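In: can't give you the sequence, but here's the structure:
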């Protein structure tokens, strides 16, 4: 499964009056941009973050829903498509796909979810749906619960228990940094972001999960056979089963 990753840039909280005069679109010498400061800020946040939501970026979310068509057009100029889930109040961008089946130039770097990260996402999506179905307004999960779930998919022939656990814990930290688990990376309990469901298509996760289960049921590999499911040297480019999940 591929995702867009971008260099992390700290948000600069500037009032509009700090960067432009009231009613002026020009923000710097020679500026010929057609967006207001708040619209540009929302566009930049959407470009550098995997998603924005009313919960994580309330100011930018408000601007986006008020000027959705305008921001969508700017993304389209970059061969990107804007996805908005108003019910869950989440917005994200995707690489546009031409009707001819070819590929547009892209400014996004596609990286694959690791096996452990994918299992974390499967678990979070299941927990989120179950919690919301039970009437919970907010759904929480413990770190150890997630790590235990990932461990349940270890193949019987895997012997690096400590290494597998470390990768599972690193996967949790990665999902926290992605914003899909709300809290600090040092916390033991997290809130599951509602963005998990629209950002992670169920059909694609199920397809990958089935591939992982099938791999676990296979016999232990011979010394010269391909590395097992949780081998660090396996799949260095993030391909194989991960590609079955497509791009996000």
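Out: Yep, that arrived. These figures come from a predicted structure and were not determined experimentally.
In: Do a quick rundown of the helices in the protein.
Out: 16-19, 37-48, 58-66, 68-77, 115-133, 143-151, 161-177, 196-199, 202-217 (DSSP state H).
In: For residue 188, find the nearest of those helices.
Out: Distance to residue 188, taken as CB to CB, is lowest for helix 143-151 among the helices of the chain, at 5.0 Å. The way it works is simple: take the backbone N, C-alpha and C, and place the C-beta from them, glycine included.
In: And that closest one, what's buried?
Out: Using 16 or more other CB atoms under 10 Å as the test for burial, helix 143-151 gives 143, 146, 147, 149, 150.
In: So which of the residues you listed is the closest to residue 71?
Out: Distance to residue 71 across the buried residues of helix 143-151 (CB to CB) is lowest for residue 146, with 34.1 Å.
In: tell me the contacts of the closest one?
Out: Residues in contact with residue 146 (CB atoms under 8 Å, 6 or more residues apart in numbering) are 120, 123, 124, 168, 172.
In: Repeat that for residue 176.
Out: Counting by CB under 8 Å, 6+ apart, residue 176 makes contact with 183, 184, 185, 187, 190.
In: Ramachandran angles for the fourth one?
Out: It refers to residue 187. phi -70, psi 160 (degrees, to the nearest 10).
In: Which of the helices of the chain comes out lowest on mean pLDDT?
Out: In terms of mean pLDDT, the lowest-scoring of those is helix 16-19 (a mean of 48).
In: pLDDT score assigned to residue 141?
Out: At residue 141, pLDDT is 96.
In: What is the neighbour count of it?
Out: Residue 141: 20 surrounding residues under other CB atoms under 10 Å.
In: Quick check: it touching residue 189?
Out: Yes: counting by CB atoms under 8 Å, residue 141 touches residue 189, with 7.3 Å between them.
In: tell me which of the contacts of residue 146 is nearest to residue 52?
Out: The nearest member of the contacts of residue 146 to residue 52, counting by CB to CB, is residue 124 at 18.9 Å.
In: residues near residue 92, how many?
Out: Count around residue 92 with other CB under 10 Å applied: 20.
In: Once you drop chain neighbours, what's closest to it?
Out: residue 51 (4.0 Å; CB to CB, 6 or more residues apart in numbering).
In: can you tell me which residues contact residue 189?
Out: Residue 189 touches 140, 141, 142, 143, 183, counting by CB under 8 Å, 6+ apart.
In: Now the last one. Its backbone dihedrals?
Out: Spelled out, it's residue 183. Torsion angles, degrees, to the nearest 10, at residue 183: phi 150, psi -170.
In: Now do the end-to-end distance for stretch 85-95.
Out: For stretch 85-95, the first-to-last residue distance is 17 Å (CA to CA, to the nearest Å).
In: Mind listing what's buried along it?
Out: Buried positions in stretch 85-95, judged by neighbour count with 16+ other CB under 10 Å: 85, 88, 89, 90, 91, 92, 93, 95.
In: farthest-separated two in those residues?
Out: Based on CB to CB, the longest span within those runs between 89 and 95 and measures 23.0 Å.
In: and the two most separated of the contacts of residue 146?
Out: 124 and 168 (13.3 Å).
In: out of the contacts of residue 146, which is most surrounded?
Out: residue 120 (26 neighbours).
In: correct me, but the residue nearest to residue 92 touches residue 91?
Out: Yes: counting by CB under 8 Å, residue 51 does reach residue 91; the two are 6.5 Å apart.
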